[in-house]
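Novice: Quick one, what's the 3D model for this:
(chains A and B)
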Protein chains: 2
Amino acid sequence: MELISSVEEMRLLCADFKKKPFNVGLVPTMGALHDGHISLIKKSTEDNEITLVSIFLNPAQFNSATDLKSYPRTIENDSRLCNSLDVDLLFVPSADQIYPPGYSTWIDIEGIAEKLCGLKRPGHFRGVSTVVMKLLTICSPDFAYFGEKDYQQFLIVQRMCFDLMLDTEIILCPIIREKDGLALSSRNVNLSQKDRTLAILIIKAMKEVEKLFYEGERNCIELIEKAKEILSVPDLYIEYIDIVGSVDLESLQKIESTARIMIAVKIGSVRLIDNLSLEL
Amino acid sequence: MELISSVEEMRLLCADFKKKPFNVGLVPTMGALHDGHISLIKKSTEDNEITLVSIFLNPAQFNSATDLKSYPRTIENDSRLCNSLDVDLLFVPSADQIYPPGYSTWIDIEGIAEKLCGLKRPGHFRGVSTVVMKLLTICSPDFAYFGEKDYQQFLIVQRMCFDLMLDTEIILCPIIREKDGLALSSRNVNLSQKDRTLAILIIKAMKEVEKLFYEGERNCIELIEKAKEILSVPDLYIEYIDIVGSVDLESLQKIESTARIMIAVKIGSVRLIDNLSLEL
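Specialist: Residues are numbered from 1 along each chain as shown, chains lettered A, B, ... in the order given. Modelled structure (predicted):
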């Protein structure tokens, strides 16, 4: 595995792959790799001759300096891990390489990026789509792998690729969970043991909604109310609980086609998101 | 010359050019071609083996429905002209091909796109950068040719290509003027004979500023005041007159390096822009 920090070098290497009959997969990450990332990397090495992993803690997608500062950084472990997983190139650019002085160009997605996390984290998805666009231009992969935990992010990136006719197919990979159901997230390491017991209420609430849904409940107010009940505990702040259409993320009153329950909470300073598909 | 209206067909044809040792030039236009466009096309056919011209009356960059409606359309003439100029492909997509239902992705440039015409025409440059991005993705030209009359547009497109690391070099071509100095514009056909006599006051004002500048005047308030005097006539509405830095478009108080006088006026319903470099 080669570790590349120069955008120009990465571009040249990736342009060379394009000339060969290789499929190239990219797994864009912010580092602090966990089993969720590992599942994306494994999927890419299964699907493609060449797998690229990028680690870039993208300042543009953090709307809070404290959040950026407390985001875990484990580059040496990450690098060892990628090496052991047969990653071909590990791309670790600096912020100055991605956003040189005078940088001014941003990608905005109307509609789906303006809901849920888009409302709670102004500018977040602008930062996400812009950095993904840049990574896709630099690496020109055939496939890029995203985790279902960030389902809204997946829809936005997919929309961008479709709208701008980029030559990359976006692949959605299932959420990886701890045994107790907590969705893996780099932010989980910032949870205290007490926070951790609160965090598993998220999956508990979603599972309860899923159970009621499969028992026939279609009324979203009822379903959301149930989730709220479970999550209404001290020291857990609900950012949003919503049941939305799986394609447009529009809030639903009644479930009439495939829907998704979307949850964001804050426990102390740690923000957690999760979601579950409700399939008819 | 082939006329192509399908985005998919254009993409495939242009992808084929990429495999050959050809240089490809693109001249993006909104049609109603005049000698200004012709100069861009000639520059491209001189520079490149393949020249593409696109004609797309981009609804996203019009901030007034009346303006869009009154914009001249001369597709048959345009097509004949391109053919006579040895254009290889004339690309004339429909609005639905460029912005299919559900289209949501927009490119925003901070700073330079927020001044001058950006202030007067909200959303205009968002529409411009997005459509240019799409044309560059579809056609992947080595060079794209833009006229200096739309100097702000040139800077914005150049910035976008640099920031998003697109493989196209943006070439700026000089303003073509009528004998009396009026900058060529597709909108000129909408000027009445009386409007036409007002319109030449723009170049008169700029030339007077240039004269004073070469005589040693460096104070922008004085220079702008002089231009305002000349343009302060009935039936001519000044949108802006400014002297700005040539690179960042920041308003200047005093000219200390290469600057540019930028003018936008309205005569009746016709909006005209022009500019002139003031070189130290």
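
Novice: CA atoms of stretch A:95-112 as PDB?
Specialist: Extracted C-alpha coordinates of stretch A:95-112, given in PDB (Å, rounded to 0.1, in the frame of the first residue of the first chain):
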ATOM      1  CA  ALA A  95      -6.800  20.800   4.200                       C
ATOM      2  CA  ASP A  96      -4.600  23.200   2.200                       C
ATOM      3  CA  GLN A  97      -4.400  20.800  -0.600                       C
ATOM      4  CA  ILE A  98      -8.100  20.300  -0.900                       C
ATOM      5  CA  TYR A  99      -9.000  24.000  -0.200                       C
ATOM      6  CA  PRO A 100      -6.000  26.100  -1.300                       C
ATOM      7  CA  PRO A 101      -6.000  29.800  -0.400                       C
ATOM      8  CA  GLY A 102      -8.700  31.600  -2.300                       C
ATOM      9  CA  TYR A 103     -10.900  28.400  -2.700                       C
ATOM     10  CA  SER A 104     -14.400  29.600  -3.500                       C
ATOM     11  CA  THR A 105     -16.500  26.800  -5.200                       C
ATOM     12  CA  TRP A 106     -19.300  25.000  -3.400                       C
ATOM     13  CA  ILE A 107     -21.800  22.400  -4.500                       C
ATOM     14  CA  ASP A 108     -25.300  22.900  -3.100                       C
ATOM     15  CA  ILE A 109     -28.100  20.300  -3.400                       C
ATOM     16  CA  GLU A 110     -31.600  21.600  -3.200                       C
ATOM     17  CA  GLY A 111     -34.400  19.700  -1.500                       C
ATOM     18  CA  ILE A 112     -33.000  16.500   0.100                       C
END
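
Novice: anything in it near chain B?
Specialist: Yes - judged by C-beta under 8 Å from any C-beta of the partner chain, stretch A:95-112 comes into contact with chain B through A:103-112. Where C-beta positions appear, they are placed from N, C-alpha and C, glycine not excepted.

Novice: Among those residues, the buried ones, what's the ChimeraX command?
Specialist: Selection of buried members from those for ChimeraX, criterion 16 or more other C-beta atoms under 10 Å in any protein chain shown:
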select /A:103,104,105,106,107,108,109,111,112
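
Novice: residue ranges of the strands in chain A, please?
Specialist: Taking DSSP state E to define them, one finds strands in chain A at A:2-4, A:24-29, A:50-55, A:89-91, A:105-109, A:143-147, A:169-173, A:236-245, A:259-267, A:270-278.

Novice: how distant is the third one from the center of its chain?
Specialist: Centroid separation for strand A:50-55 versus its chain: 16 Å, with C-alpha atoms, centre = their mean, to the nearest Å.

Novice: What lies in contact with that strand?
Specialist: The contact list for strand A:50-55 (C-beta atoms under 8 Å, 6 or more residues apart in numbering or on different chains) reads A:14, A:17, A:22-31, A:41, A:44-45, A:75, A:78, A:82, A:85-93, A:135, A:139, A:141.

Novice: Return the list of strands paired to it, each annotated with direction.
Specialist: Here strand A:50-55 has these sheet partners by DSSP bridges: strand A:24-29 (parallel), strand A:89-91 (parallel).

Novice: quick one: contacts for residue A:115?
Specialist: Residue A:115 touches A:152, A:244, A:249-251, counting by C-beta under 8 Å, 6+ apart.

Novice: picking up where we left off before, what about the strands of chain A, which gets the closest to residue B:272?
Specialist: strand A:105-109 (28.3 Å; C-beta to C-beta).

Novice: List the strands paired with that closest one, with their directions.
Specialist: By DSSP bridges, strand A:105-109 pairs with strand B:105-109 (antiparallel).

Novice: Can you give the distance of the partner strand from its chain's centre?
Specialist: The answer for strand B:105-109 is 18 Å, by C-alpha atoms, centre = their mean.

Novice: and if you look at stretch A:100-119?
Specialist: For stretch A:100-119, the distance to the chain centre is 15 Å (C-alpha atoms, centre = their mean).

Novice: Distance across it, terminal residue to terminal residue?
Specialist: By C-alpha to C-alpha, to the nearest Å, the extent of stretch A:100-119 from end to end equals 28 Å.

Novice: Next, see if the top helix by length along chain A gets close to chain B.
Specialist: When every helix of chain A is counted residue by residue (DSSP state H), the longest turns out to be helix A:124-139. Yes - remark: helix A:124-139 sits within contact range of chain B at A:129, A:133-134, A:137-138, by C-beta under 8 Å from any C-beta.

Novice: Take these and lay them out in TSV including pLDDT and neighbour count.
Specialist: Converted to TSV, these look like this (pLDDT from 0 to 100; neighbours: other C-beta atoms under 10 Å in any protein chain shown):
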residue	pLDDT	neighbour count
A:129	98	25
A:133	98	24
A:134	98	25
A:137	97	17
A:138	97	25
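
Novice: Out of the residues you listed, which is nearest to chain B?
Specialist: Relative to chain B, the closest of the residues of helix A:124-139 next to chain B is residue A:137; by C-beta to the nearest C-beta it sits at 5.0 Å.

Novice: pretty sure the closest one is in contact with residue B:164, am I right?
Specialist: Yes - at 5.9 Å, residue A:137 counts as touching residue B:164 under the criterion of C-beta atoms under 8 Å.

Novice: can you tell me how far the residue nearest to residue A:224 when sequence neighbours are not counted sits from residue A:213?
Specialist: Distances taken as C-beta to C-beta, 6 or more residues apart in numbering or on different chains place residue A:241 nearest to residue A:224, at 5.3 Å, with adjacent residues excluded. Residue A:241 sits 14 Å away from residue A:213 when distances are taken as C-beta to C-beta, to the nearest Å.

Novice: Now residue A:13: closest residue in space that isn't a chain neighbour?
Specialist: residue A:89 (6.4 Å).

Novice: Quick check: that neighbour vs residue A:52, distance?
Specialist: 5 Å.

Novice: With residue A:267 instead?
Specialist: Noted for residue A:267: a distance of 34 Å to residue A:52, by C-beta to C-beta.

Novice: If you count surrounding residues, which of those two has more?
Specialist: Set residue A:267 next to residue A:52 and count neighbours by other C-beta atoms under 10 Å in any protein chain shown: residue A:52 wins out with 28 against 23.

Novice: That one bridge partners, please.
Specialist: residue A:26, residue A:89.
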